[in-house]
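Novice: Need coordinates for the below:
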Amino acid sequence: MIALRFLAALASGAVFGFGLSLSGMLDPARVRGFLDVTGAFDPSLAFVLGGAVMVAGIGVWVQRRLEHPAFDRVFHQPVKTAIDRRLVAGSALFGVGWGMAGLCPGPAVASLTLGLAPTVLFVVAMAAGMVAHDRLVGAGAA
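Specialist: Okay, here's the model as predicted:
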């Protein structure tokens with residue numbers, strides 16, 4: 001069972017990374033172009049996001065009709081559902097970082113395959129920030 005979960009996760013990650021590469025979302029300039037609404041606006045990210053929302057919507061629809069996932073006993077849903085200051089502040093910080101770097105976690109990890117120094121630095125800094133958060137704030141508080 002553990003091997004099947006690992007293979008399913010590996011296959012899902014590979015498809016996700018391939019999709020990011022195919023859509024051009026590994027290029028920080030494309031992301032910045034989407035966020036530059038007063039300059040050289042590039043709407044392609046909106047289509048990628050729209051496609052992702054549709055696929056996720058189908059996944060949620062299917063998941064709600066299943067008793068349990070294929071490779072586990074229960075679905076692991078978030079326990080916190082309230083929109084609070086921490087969530088809003090974290091989302092804002094994520095958005096500012098995304099706009100400045102042109103990368104978010106998924107595309108950054110997929111971009112490691114390109115071997116570009118700025119991307120490696122971004123992923124190392126992101127990992128360090130995650131470790132620092134867990135040590136300073138505590139994993140239970142997240």
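
Novice: mind listing the strands for the chain?
Specialist: Applying DSSP state E to the chain gives no strands.

Novice: Excluding its own residues, what touches stretch 28-44? List them.
Specialist: By C-beta atoms under 8 Å, 6 or more residues apart in numbering, the residues outside stretch 28-44 that reach it are 23-25, 45-46, 98-99, 101-103, 107. Backbone N, C-alpha and C define where each C-beta goes, glycine included.

Novice: Mind giving me the PyMOL command for buried ones among those?
Specialist: Those of the contacts of stretch 28-44 that count as buried under 16 or more other C-beta atoms under 10 Å are selected in PyMOL with:
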select buried, resi 23+25+45+98+101+102+103+107
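
Novice: Make TSV out of the contacts of stretch 28-44 and add pLDDT.
Specialist: What follows is the contacts of stretch 28-44, written out as TSV (pLDDT from 0 to 100):
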residue	pLDDT
23	85
24	84
25	83
45	86
46	88
98	82
99	82
101	83
102	83
103	85
107	86
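
Novice: I'd like the C-alpha coordinates of stretch 93-110 written as CSV, please.
Specialist: The C-alpha trace of stretch 93-110 is given here as CSV (Å, rounded to 0.1, in the frame of the first residue of the first chain):
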residue,chain,number,x,y,z
LEU,A,93,3.1,37.6,2.0
PHE,A,94,2.8,34.7,-0.4
GLY,A,95,1.4,37.0,-3.1
VAL,A,96,4.1,39.6,-2.6
GLY,A,97,6.8,37.0,-2.8
TRP,A,98,5.2,35.4,-5.8
GLY,A,99,5.1,38.8,-7.6
MET,A,100,8.7,39.7,-6.7
ALA,A,101,10.3,36.3,-7.6
GLY,A,102,7.8,35.2,-10.3
LEU,A,103,7.9,31.8,-8.6
CYS,A,104,5.7,29.9,-6.2
PRO,A,105,6.6,26.6,-4.5
GLY,A,106,5.3,24.2,-7.2
PRO,A,107,7.0,25.9,-10.2
ALA,A,108,10.1,26.6,-8.2
VAL,A,109,10.6,22.9,-7.4
ALA,A,110,9.8,21.9,-11.0
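
Novice: In this structure, mark out all the helices, start to finish.
Specialist: In the chain, helices defined by DSSP state H lie at 2-23, 28-35, 44-64, 85-101, 105-111, 117-133, listed in chain order.
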